[in-house]
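Undergrad: This is the structure alone, sequence omitted:
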């Protein structure tokens, strides 16, 4: 409803649920447009989710209600886990605030925590990935690529970090073989 009361849910409602205080809901109301994509704990699922909303407008453009959908971050983690990465590299999926939604390998970063490397500061205005050298955890020098990902369900960020030593190891071996 326009007041934030949940009227229907795929999961059983055990009592009244209101989302009027959620940032995604307030953004839908103010922009009258699709909004969402921040990591939060669902009030119905009681698990980490990404929530999204779309306004439902009357013929006169007044707000009739909001259709909401949530995505459990576990499913994003499953997708991240299927990524083929070089050993020692890390893949992070982040929300719009730079909060970790999923990581690969598992345990590389804790969902719900701020992302290591502060990768969102490296996003180019055109949204294309850029490759940056940056210090990371443990004082290790990393090569970091960050990109915006526009999905049908919203906007996320993907960062891949590779220790610089791994990135230069294979070319050095090739050069050493050619010289010796």
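TA: Thanks, I have it. Predicted model only: the values in this text are computed from it and were never measured. Numbers count the residues shown, from 1 in each chain.

Undergrad: When you work out contacts or count neighbours from here on, use the C-alpha atoms and nothing else.
TA: OK.

Undergrad: which stretches of this structure form helices?
TA: Counting by DSSP state H, the chain has helices at residues 23-31, 73-81, 164-179.

Undergrad: list the contacts for the closest residue to residue 97 other than its chain neighbours?
TA: Spatial nearest neighbour of residue 97, excluding adjacent residues (C-alpha to C-alpha, 6 or more residues apart in numbering): residue 38 at 7.2 Å. Listed by C-alpha atoms under 8 Å, 6 or more residues apart in numbering, the contact set of residue 38 reads 24, 50, 51, 95, 96, 97.

Undergrad: Pick out the most distant pair among those.
TA: 51 and 97 (13.9 Å; C-alpha to C-alpha).

Undergrad: okay, those two: which has more neighbours?
TA: It is residue 51, of residue 51 and residue 97, that has more neighbours when counted by other C-alpha atoms under 10 Å, with 24 against 14.

Undergrad: Wait, that one touches residue 23, no?
TA: No. Applying C-alpha atoms under 8 Å, one finds residue 51 not in contact with residue 23, separated by 9.7 Å.

Undergrad: who touches both of these two?
TA: Contact criterion C-alpha under 8 Å, 6+ apart; residues shared by residue 51 and residue 23: residue 36.

Undergrad: need the contact list for residue 93.
TA: Residue 93 makes contact with 80, 100, 101, 102, 103, 156, 157, 158, 159 under the criterion C-alpha under 8 Å, 6+ apart.

Undergrad: Give me the nearest residue to residue 143, chain neighbours excluded.
TA: According to C-alpha to C-alpha, 6+ apart, the nearest residue to residue 143 is residue 133 (4.5 Å).

Undergrad: State the distance from that neighbour to residue 52.
TA: To residue 52, residue 133 is 34 Å away according to C-alpha to C-alpha, to the nearest Å.

Undergrad: what about the two, which has more around it?
TA: Set residue 133 next to residue 52 and count neighbours by other C-alpha under 10 Å: residue 52 wins out with 21 against 14.
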